[in-house]
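Colleague: dropping a prediction and its sequence here:
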Amino acid sequence: MLKSYKTLLSINLIEEQIDNDVDVDLIDDMIDINNNNRYLWRWTYPSIDNDVRFFIEKRLSSQSSSSSSLSTIFTYDYGKFSFFKIREKFIYILQNYQQHSKRFSLVLLTKDFYPKYYQKLLKIFAEIFIQSNDSIAKLLDKYLTLLITDRIEMMLTDPERQIDFHFQQHNDEFNEKQKLQSKLRSIIKMFSLDIILIYTALLLKKRIIIYGNDSQLLFEFAITLPLFIKHRQNILNEEFIPNVDLQCPIQINDLRYRQNFISTFNDPRIEEHEDLYDVYINLATIEITISHRAKEIFMMTKMHKDVAITFVRIAEKQGSTDQDVVDEISKKTNELLNTLYSSSAMDDDYDNDDNQKKIVIKKSRLKEKFSSPNLQQFFFNLALAESISII
C-alpha cells in the first residue's frame, strides 16, 4: 500500500474573509461559514471533526494576528507553514499571505510526522489552486491522483514535471539523518553530564516538555532526541506533540491523558505546570528540571554516571565521527537492555498474539542482582517501558 494512501487523512481549503461582508451567492453545499464569518471552509475531503476544525481556526487566527509565530518552522513566498498534533492526527497548515483575489489556507491531516514532505505537498497544492483560477475540482483531481498513484504533477505549466514522493522521501531521509546525527553530538556537549537526565527520561518513557525561544532550535532539538533510543521505532509519530499552546484546552487536555510524550512549547510559563511533565528542558537557559513527583525515578547511581561520562567522552573525542556518537549510545542502550533481560524468565502462560511464552521480569531476581534500591527501581521502570511483565 502506498505511503500517501496510508497516512493522508483529509485535505481542507479555508478562505479567510477580508471583511465581514459575505457574498451569499458564494454559499453552496461546499461552503460552511463559522460564527464570526471570518473563515469559509470552501472544501473538505473527506471529512473533519468539529473540534479539530475549531482548533485550526484558532491557530489561523492567532498566526494572523502576529507578524511571526514560533510554531511556524518554514516561511516562503506562498506564506507560513506550521504543524500541530491533536490526539493521533498531525495537522499541517499552509497559511497564504499573497495578495490574490482571495486569501486562503490549505490544511492536511495525516497519521505521520513528516513536515518537510507535507510542506512540499501543500506548496504544490497551492500552486495548482492558484494556476487553475481557484478550481476546487482541479485540486480534488490532483489529490485523488496522489492517493492512487503516489505521484502528482508539480506545475500545471509543465505537466511533464512530476515529483515522486517515494524517491524524494528516501533522499530527504538520508540528508536529515546526517543533520540529526551532527545535532546529537551538539546536544550532548550542551548539557554535558546532565544529558543522563534526558537519556533516562527517553529510555523510561517519561513526559518530556521542551521550552525554547528559537523555533528552529526547538524543532531540531526535539526531533533529534529519538536517536538516543534507536531500538524503538516511530517515536516521532507516536510520542511527539509539537507546538503546544499553553492557552489551548484541547492540546493541554491531550497531554494530560498521555503517559509519555515529547512536547515543545514557546511559552516559558509552562515550567510552572509540573503536573504536565516529568522532565522540563529549558533551551534558553540550558537547564533541566525534574518535577517533584518524578524525583524518585531519577535517583542517579554509579551506573548513570558511567553512562553520562561515556556519552560526553565520545561526543568530545577528537577524530570521532557523528556516527561514532550514535553507535556508542546504541551500544550502551543494548548493554542496559541485556542486563534487564538477564533478570528475565519465561512465563508459563502464552502470549495470545504469537502463541509463544511471554518474557517476564521477576522482582526477586532484580533484588538478587542489584543491591542498590535505586538500580532495582531503574530496571523495574525500564521493564515497564519495554512492555515486559513484572511478577
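Modeller: Noted; the coordinates are in hand.
Colleague: and residue 262, bridged to which residues?
Modeller: Counting by DSSP bridges, residue 262 forms beta bridges with residue 208, residue 240.
Colleague: isn't it right up against residue 241?
Modeller: Yes. Proximity of residue 262 to residue 241 meets the contact threshold set by CB atoms under 8 Å, at 7.1 Å. From N, CA and C alone the C-beta is placed, and that goes for glycine too.
Colleague: which parts of the stretch 151-300 of the chain are strands?
Modeller: For the stretch 151-300 of the chain, applying DSSP state E, counting those that start in this stretch gives strands covering 151-155, 158-164, 207-211, 240-244, 261-265, 279-282, 287-290.
Colleague: and residue 136, what pLDDT?
Modeller: On pLDDT, residue 136 comes in at 87.
Colleague: check the one 5 residues further on too.
Modeller: Note on residue 141: pLDDT of 87.
Colleague: gap between it and residue 128?
Modeller: Separation of residue 141 from residue 128 (CB to CB, to the nearest Å): 9 Å.
Colleague: those two: which is more packed in?
Modeller: Legend: neighbour count by other CB atoms under 10 Å for residue 141 and residue 128, higher for residue 128 (21 against 15).
Colleague: wait, is that one part of a helix?
Modeller: Yes. In this structure, residue 128 lies within a helix as judged by DSSP: H, G, I helix; E, B strand; the rest coil.
Colleague: how much space separates it from residue 371?
Modeller: Relative to residue 371, and taking CB to CB, residue 128 is found at 66 Å.
Colleague: what count of nearby residues applies to residue 8?
Modeller: Counted with other CB under 10 Å, residues neighbouring residue 8 total 19.
Colleague: list the residues that contact the spatially closest residue to it that is not a sequence neighbour.
Modeller: Spatial nearest neighbour of residue 8, excluding adjacent residues (CB to CB, 6 or more residues apart in numbering): residue 110 at 5.6 Å. By CB atoms under 8 Å, 6 or more residues apart in numbering, the residues touching residue 110 are 7, 8, 9, 89, 90, 92, 118.
Colleague: go again with 10 Å.
Modeller: The contact partners of residue 110, by CB atoms under 10 Å, 6 or more residues apart in numbering, come to 4, 6-11, 83, 89-92, 117-118, 121, 237.
Colleague: then residue 301?
Modeller: 307, 370, 372, 373, 374, 375, 377, 378.
Colleague: could you find the lowest-pLDDT member of the residues you listed?
Modeller: Of all the contacts of residue 301, residue 370 carries the smallest pLDDT score, 85.
Colleague: so where's the protein shaky on pLDDT?
Modeller: 1-6, 18-37, 63-79, 97-102, 151-176, 346-357 (pLDDT under 70).
Colleague: anything in contact with each of residue 262 and residue 241?
Modeller: 208, 209, 222.
Colleague: rewinding a little: the contacts of residue 110: which two are farthest apart?
Modeller: Across the contacts of residue 110, the longest distance by CB to CB is 19.6 Å; it joins 11 and 237.
Colleague: between the two, who's got more neighbours?
Modeller: residue 11 (24 against 16).
Colleague: make sure the more buried one is indeed in a strand.
Modeller: Yes. Residue 11: assigned to a strand according to three-state DSSP.
Colleague: ok, it touching residue 42?
Modeller: No. Here residue 11 does not reach residue 42: they are 11.4 Å apart, not a contact under CB atoms under 10 Å.
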